[in-house]
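Peer 1: the sequence and its predicted three-dimensional model are supplied below.
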Amino acid sequence: MSDGSYPQYAVTPKPGRIGIFDSGVGGLTVLSEIYRQLPNESVLYFGDTARLPYGSRSPEEILYFVRQILTWMADQQVKMVMMACNTSSALALDIVQTEFCFPILGLIRPGAQAAALASKRIGVIATAATVNSNAYANAIQELAPDCQVWQVGCPDFVSIVENNQIQDPYAHSVAQTYLRPLLRSEIDTLIYGCTHYPHLAPVLKRILPPGTRYINPAVSMVTAAARELDALGLRNTSPTWPTEFCVSGPAHQFQRLAIQWLGRQPRVSQINLPTLTASRLA
Ligand code: DGL
């Protein structure tokens, strides 16, 4: 620690959980998929709400945040991490996969694979950082060079979700503006390139034509995680601990928002992440 102290964690390590993280409540769309496909796994959820949104951050900042979160998750003795954040997957996954001793999965390749199997005219909605990285377009074109990809940065969507404005007419008009170029390009498949966006599905589905396919990359990432847990002999066969939620911002804010998607009151603790030094990363 550069300030000489080690942060006080409000949680105690519980070996064998799966760690997932996002800047905020976007990761809950991944958590639902884990509940569906891996019901016996215990999950440690981290939401970096004090530093959200990630989508307007620089690649260096995102890499630093991801290293901090993974270092904390290593201290919590997780057995695997799924990045429940496309921005982190686009900008940091390849680097951090070689730095930690547990498997780390991202959303971009699984999402690109699912879309390339489904279509030749693919729209991607994502944060500015993810669009600027070109990660989805590169991954799709590597898998299927004949696919056409249109990417749109949707910076206001994250704040609409985090501020619980999904039902407001404002959300609909912002979505209409963002989706206009994709309507013009006649996409038939849309990738939710940010984990916050599946929360906006009812709004987006009112604007795009019926018959449009929607790809939630979390579905194939969790399938890949299940395969990897089996291959490593790490899959849980009976349920253990309830999901533990930790956030870097005020706990009550996350709790208030999460309750409507989880259908119950989550237990949320506010924590401080470790400050990284060269020795913490070595
Ligand atoms: N939900 C995250 C993603 O998938 C981050 C959104 C943000 O904080 O800008 O990219």
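Peer 2: Looks like it came in fine.
Peer 1: rest of the way, CA atoms for contacts and neighbours
Peer 2: Will do.
Peer 1: residue in the stretch 151-282 of the chain nearest to the ligand?
Peer 2: Using CA to the nearest ligand atom, C194 is the residue of the stretch 151-282 of the chain that sits closest to the ligand, at 3.2 Å.
Peer 1: surely that residue and T87 touch.
Peer 2: Yes - counting by CA atoms under 8 Å, C194 touches T87, with 7.2 Å between them.
Peer 1: for M83, what are its contacts?
Peer 2: By CA atoms under 8 Å, 6 or more residues apart in numbering, the contact set of M83 is I20, F21, D22, S89, I104, L105, G106, L107.
Peer 1: so after the host helix or strand of L257, what's the next helix or strand?
Peer 2: Using DSSP states H and E, L257 sits in helix 251-262. Downstream of helix 251-262, the first helix or strand assigned by DSSP H and E is strand 268-270.
Peer 1: which elements pack onto that following strand?
Peer 2: Packed against strand 268-270 by the contact rule (3 or more CA pairs under 8 Å, 6 or more residues apart in numbering; DSSP states H and E) you find strand 244-247, helix 251-262.
Peer 1: list the contacts for R51?
Peer 2: S23, S248, G249.
Peer 1: ok, now G106?
Peer 2: Residues near G106 by CA under 8 Å, 6+ apart: M82, M83, A84, C85, N86, S89, L93, M221.
Peer 1: repeat the analysis, applying 10 Å as the threshold.
Peer 2: Applying CA atoms under 10 Å, 6 or more residues apart in numbering to G106 gives the contacts 81-90, 92-94, 97, 217-218, 221-222, 224-225.
Peer 1: that one and T212, how far apart?
Peer 2: G106 is 25 Å from T212, where distance means CA to CA, to the nearest Å.
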